[in-house]
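K.L.:
The following block contains a protein sequence and its predicted model.
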Amino acid sequence: MFTKREIVRKYIRFYGWVQAVGFRFRAMEAARHYGATGWVRNEYDDSVSMEIQGTEQVIDDVIAAIERGTYIRIDRMEVKTIPTDPEERGFQVKYH
C-alpha cells in the first residue's frame, strides 16, 4: 500500500465528454500547478490517456482540478499503477 507521500506513476484512461473541451490543456495546467510530471493525449476512440507521476495526493488534486473544468464530464476512468520514471521532468500534451 502507498502512503500519501510516496511517488507513484499511473496510467489513466478517461471516458466521457473529454475531447474538444480543453481537457488536455486543463490537465497540463493542473499537473504543472501541483508539481506532477507526465503527459496527456487524445486517443482515436474519443477517450484521453494520461501518464501522471506524483504523490497519491497530487494525482488526486490534478484529477479534481480537471473535473472542475468547464464542459468536461468524466464518466469513467481506468487506472493502472505503472513503474515511475525518475528522469522525467515536466508535464506535456502529446500528439500522435
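P.N.:
Thanks, I have it.
K.L.:
mean confidence score for stretch 89-96?
P.N.:
Here stretch 89-96 scores 94 as its mean pLDDT.
K.L.:
what comes up buried for it?
P.N.:
Within stretch 89-96, the residues scored as buried using 16 or more other CB atoms under 10 Å are 91, 92. No exception for glycine: its C-beta is placed from N, CA and C like everyone else's.
K.L.:
Endpoints of it, how far apart?
P.N.:
20 Å (CA to CA, to the nearest Å).
K.L.:
And for that stretch, what's in contact with it?
P.N.:
Stretch 89-96 has contacts (CB atoms under 8 Å, 6 or more residues apart in numbering) with 24-25, 27-28, 31-32, 36-42, 44, 52.
K.L.:
Determine which two of the residues you listed are furthest apart.
P.N.:
The distance between the two most remote of those (CB to CB) is 26.2 Å, for 32 and 44.
K.L.:
Among those two, which residue is more densely surrounded?
P.N.:
residue 32 (14 against 6; other CB atoms under 10 Å).
K.L.:
So what's the predicted local confidence for that one?
P.N.:
97.
K.L.:
Am I right that it is in a strand?
P.N.:
No: counting by DSSP: H, G, I helix; E, B strand; the rest coil, residue 32 is not part of a strand but helix.
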